[in-house]
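> Here is a sequence together with a model predicted from it:
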Amino acid sequence: MNVPEMHVSVKQENGFAMVEAMVSILLFALAILGLIAMQVNAVRFGGDAKYRSEASLLADQMVAELWVATPANIPNYAFTSGTPPTGVDAWVTKVQSTLPGVTATTNLPTIQVDTNVDSGLTVYRATVTVFWQVPGQTSAHSHSVSAFISSAYST
């Protein structure tokens, strides 16, 4: 039995290896670009997480200071704009030096103190909000912490 021989001419195969190599290089380049994009995002998200944790720490520091303050003095910690009151000014300076985009006129932290008196018991609700603006971004980020402080627990 004779099996017909299949002859493929060399002319038909010319350049096929070159096409395979070009496709392989293209796929490899796309994979490398994807890895670079993932690395850039990881660095950016790491920086965002750093700023969030620092903002959380700073807000918690002020709430802790309010907890140990004399209850009658807690309303004196209120600060929304302008010059920070005594006792808050050092903390505001620390926020400015720690977080990006916080200056004497922009993204200043705020402390809001609400007072509620019920049956002779004074309860203060303090809300501390810290702002920051990452370089290269147009909007500010914020972190808020609220605490209820009762005059019944004061010393």
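Everything's here; your move. All figures in this text were calculated on a predicted structure; none of them were measured in a lab.
> contacts, neighbours, all on C-alpha from now
Noted.
> what is the mean pLDDT for the helix or strand where residue 52 lies?
Using DSSP states H and E, the secondary-structure element containing residue 52 is helix 16-68. Averaged over helix 16-68, pLDDT sits at 91.
> Next SSE downstream of that helix?
helix 89-98.
> excluding its backbone neighbours, what's nearest residue 83?
residue 89 (7.8 Å; CA to CA, 6 or more residues apart in numbering).
> and the angle from the helix holding residue 52 to helix 89-98?
With axes from the mean of the first three to the mean of the last three CA atoms, to 10 degrees defining the directions, helix 16-68 sits at 170 degrees from helix 89-98.
> Check which helices and strands helix 16-68 sits against.
helix 89-98, strand 121-132, strand 141-150 (3 or more CA pairs under 8 Å, 6 or more residues apart in numbering; DSSP states H and E).
> In stretch 49-67, which residues are buried?
With burial defined by 16 or more other CA atoms under 10 Å, the residues of stretch 49-67 counted as buried are 51-52, 54-56, 58-60, 62-63, 65-67.
> And for that stretch, what's in contact with it?
Stretch 49-67 is contacted by residues 74, 77, 91, 95, 98-99, 126, 128-132, 142-147, 149 when judged by CA atoms under 8 Å, 6 or more residues apart in numbering.
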